[in-house]
Structures are given as C-alpha cells and as structure tokens.
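In: Have a look at this prediction, sequence included:
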Amino acid sequence: MNGRIPIIVPAYEPDERLIALVQDLAESGEMIIIVDDGSGLEYAPIFEKCKAVLGEKGILLTHPVNRGKGRALKTAFLFVLEHCPDAAGAVTADSDGQHSKAAIDSVGEALRVNPGCLVLGVRSFEGEGIPWKSMFGNKLTVKVLSYVVGIQVSDTQTGLRGIPRDFMKRLVEVKGERFEFETEMLIESAGHYPIMELPIETIYDSEKNHQTHFDPIADSIRIYRIFGRMFLKYIFSSVSACALDLLCFSVFCFFLKTETSLHYIFASTVLARIVSAVYNYIINYKVVFHSGETVGKSSVKYFMLAAIQMGLSALGVMVGISILPMISEVVIKMIVDTVLFFVSYCMQRKYVF
C-alpha cells in the first residue's frame, strides 16, 4: 500500500539521545513529528536543535504542561489525520534511544505491507542488561492481558508501534492519557485489528543510567485498573445474577407454594435459574464481553457451558466430600464454585462470546 508513514516521537524532558535519534531519522524520507509534552524552557534547546536537524521534514508539537504519553500520542494522531491525508498510518517510537532507525524503518515497512494490522516492535526480555523491573512487569502484564482480554502478545508496553490510519481515528477517542493508553490500544484492537509482532533490537544503557518517566507504582496502578474495571463487570454480572436468582426463587415459591406437595420448590428453582441465566447472558453479551458473535450461536454455547458448569460443581463437591469428609459441604462448594467462576470467565471470553 502506498502512502506516507509519519514517525511520531513523544518526548518529556528528553536528553541528548533524542537528538541522536532525530539525526538518524533525518535520513528517512518520512515526516518526523515530535511532541514536547510540557518539558519546559530548560529543554527547549534540545527540541530546537531537533527541529533544526529535521528542517522541513520535522514537525514540533508542544503541550504547555505535561499531559502524559497517551495524550501526546493523541495530539500527534490528530495532526496526522488533519494534515496528512495521504498517510497510510504512523509509527510511534520512544525518545530515549531504545529504538534504532533500522527497527523503526522495519515497523514502518511492515505497516505499509500490512495496512490493516497493528504492528508491534517487540523486545526480547531474555538477554543481559534488561532492567529486572521491565522484565518482571512485562511478563506479569502479558499473563493478565491474555487471561482478561484474550490477547496474546509478548511485549505489552513497547513504544514502537505501527498504527493504521483508521485505527488512529478510533484511538483519539479511547480513554487513557498516560502510559496506560498503550494498554488501552491493545484492548481496543481486539476483534478489529490483528496484531503483528516484529522482533527488534532493544537498546538499554544500563539499569542505573536508563532514564524512564514510567512510574512503577502510579502507572502500574493505572494499567491494572483497566483490567480490574473489565473483570469487575464480570463480577457484577455474576453477583447480580445470583441475587436475581434468589429473588425470583422467593417470588415463585410465594405464588406456587401448596400445602400438599413440595414440587413447588423444584419448579421455583428451575424458573428462577432460567430468569437469572437469561439476565446473566444478556449482561455478559452486551456489557462484559461486547460480543460480536450472533445471539443464536452464543446463547447455545452459553447455556451448554452453564449446564456443564452446574454438573462440574456437583461432581466437585461430591469428590471433595469423599476426600475431605471433615470439611462441610458448604465450604467445599464455595471452593469449587470459586475455581469454576474463574474458569468460566476464560471459557466465555474464548469460546462463547
């Protein structure tokens, strides 16, 4: 696909490494867009030197105050969408020298060849010199992203990305103003833009000298708040369905109760479970998973899973009682159903919705 692929470099309080990166990128035929994210007058000479090196190929956008990496990227996206009608997309790169010109060029070329994909320049966390905080944080986030969202990537926080033009239109409306925006981007791609990973060389000076504005506490909280928000929807759906089941059971018992038979208990249980299951399905379909599957297919799979889960719950309790007879049935059922609760989330996300 033809069309320009501008290179976007968000920067906050950069050092000489930004100038070195710009000097390398000046050899590229693409437009270079640098976003000064409120670095202040102290850093103005660095940005001015970058602008002088780039000449007409360089664009400097400035935030009067620091607004975060996510907002800086959105500012650049809006500029590309408004002023670069022939741009097929854009490549984002970090300002701290982690990404070489060769890696940036390879991601841009991959986007050009695969204009419908989100291209990630992924780092290897197995070699020497990789900060342990980056290694641990990435591995943990990869696992959580896979479970909660169902997206399989090897590097969740890479700043080297090739982003299609149409995707940029969606991203300017996505939540996230700081580092969590890059996680929101991955989540937003699900079901819309396939992710293509491209291994790249990652350059670290050393753990001592490597400068990053990523706050391991505040920014990690922002990122994991995203996952928590998504999973809380599932918890609310399940808890509210349970409450509805109990309410409906009480109502049906009140109207169906007779003095001569206990059949009303069975009927009330079945009717209440039907009502609560339909409610739970609708909430999961529309709110929790935002399913793109048809109602017919997803509903059949959902109720099949519910039936299997019910059977596994009963089987698990019976096995648990036989192995641990000293523990009450209620405690064993709580343990079994808690395990099934997490398994069911994964099964619904992966196979039902």
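Out: Arrived safely.
In: Please count neighbours and contacts with C-alpha atoms only from this point.
Out: Will do.
In: so what's the residue nearest the centre of the chain up against?
Out: Centroid-nearest residue in the chain: I187, 3.4 Å away (criterion: CA atoms, centre = their mean). Each residue near I187 by CA atoms under 8 Å, 6 or more residues apart in numbering is listed here: 149, 151.
In: What residues of the strand or helix carrying it count as buried?
Out: Here I187, judged by DSSP states H and E, is contained in helix 180-189. The neighbour-count check on helix 180-189 (16 or more other CA atoms under 10 Å) flags 180-187, 189 as buried.
In: ditto for stretch 332-349
Out: 332-333, 335-337, 340, 344-346, 348-349.
In: still on that earlier bit, distance from the helix or strand following the helix holding I187 to the middle of the chain?
Out: Using DSSP H and E, the helix or strand that directly follows helix 180-189 along the chain is strand 195-199. Its chain's C-alpha centre and that of strand 195-199 lie 16 Å apart, by CA atoms, centre = their mean, to the nearest Å.
In: ok, for V153, nearest residue in space, not its chain neighbours?
Out: V142 (6.6 Å; CA to CA, 6 or more residues apart in numbering).
In: doesn't Q152 make contact with that neighbour?
Out: Yes: with contacts counted by CA atoms under 8 Å, V142 reaches Q152, the gap being 7.4 Å.
In: Who has more neighbours out of the two?
Out: Higher neighbour count among V142 and Q152: V142, with 18 against 14, using other CA atoms under 10 Å.
In: Surely the more buried one is in a strand?
Out: No: assignment of V142 by DSSP: H, G, I helix; E, B strand; the rest coil gives helix, placing it outside any strand.
In: Would you mark the buried spots in stretch 160-167?
Out: Buried, per 16+ other CA under 10 Å, within stretch 160-167: 160-165, 167.
In: Looking at the residues you listed, which is nearest H263?
Out: H263 has its nearest neighbour among the buried residues of stretch 160-167 in F167, at 56.9 Å by CA to CA.
In: pLDDT averaged over the helix or strand containing the closest one - what is it?
Out: Per DSSP H and E, F167 falls inside helix 165-171. Summarised as a single mean, pLDDT over helix 165-171 is 96.
In: Repeat that for stretch 52-67.
Out: If you average the pLDDT over stretch 52-67, you get 92.
In: residues touching the closest residue to P115 other than its chain neighbours, list them.
Out: Distances taken as CA to CA, 6+ apart place P164 nearest to P115, at 5.8 Å, with adjacent residues excluded. Shown in contact with P164 (CA under 8 Å, 6+ apart): 88-90, 111, 115-118.
In: Narrow these to those in strands?
Out: Those of those mapping onto strands are 89-90, 118, per DSSP state E.
In: quick one on the thing from earlier: any idea which of the buried residues of helix 180-189 is closest to A72?
Out: F181 (10.3 Å).
In: Tell me which helix or strand A314 sits in.
Out: Using DSSP H and E, the element containing A314 is helix 295-323.
In: Buried residues in that helix, which are they?
Out: Buried residues in helix 295-323 (16+ other CA under 10 Å): 298-299, 301-303, 305, 309, 313, 316-318, 320-321.
In: what residue ranges in the chain score low on pLDDT?
Out: In the prediction, the chain carries residues with pLDDT under 70 at positions 1-2, 125-137, 202-216, 219.
In: what about the strands in it?
Out: Assigned strands in the chain, in chain order: 7-11, 32-37, 58-63, 89-92, 118-122, 161-164, 195-199 (criterion: DSSP E).
In: Dump the C-alpha coordinates for the helix holding I187 into CSV.
Out: This file holds the C-alpha atoms of helix 180-189, laid out as CSV (Å, rounded to 0.1, in the frame of the first residue of the first chain):
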residue,chain,number,x,y,z
GLU,A,180,-1.9,3.1,30.3
PHE,A,181,-3.0,4.4,26.9
GLU,A,182,-0.7,1.8,25.3
THR,A,183,-2.6,-1.0,27.1
GLU,A,184,-5.9,0.5,26.1
MET,A,185,-4.7,0.5,22.5
LEU,A,186,-4.1,-3.3,22.7
ILE,A,187,-7.5,-3.9,24.2
GLU,A,188,-9.2,-1.6,21.5
SER,A,189,-7.5,-3.6,18.7
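In: quick one, that helix and strand 118-122 angle?
Out: 130 degrees (axes from the mean of the first three to the mean of the last three CA atoms, to 10 degrees).
In: so how far is V53 from L41?
Out: To V53, L41 is 19 Å away according to CA to CA, to the nearest Å.
In: higher neighbour count, these two?
Out: V53 (17 against 9).
In: which one is the more buried one nearest to, not counting chain neighbours?
Out: Excluding its sequence neighbours, the residue lying closest to V53 (CA to CA, 6+ apart) is Q23, at 6.5 Å.
In: Now for that neighbour, how many residues are close by?
Out: Q23 is flanked by 16 other residues according to other CA under 10 Å.
In: ok, it - contacts?
Out: 50, 53-54.
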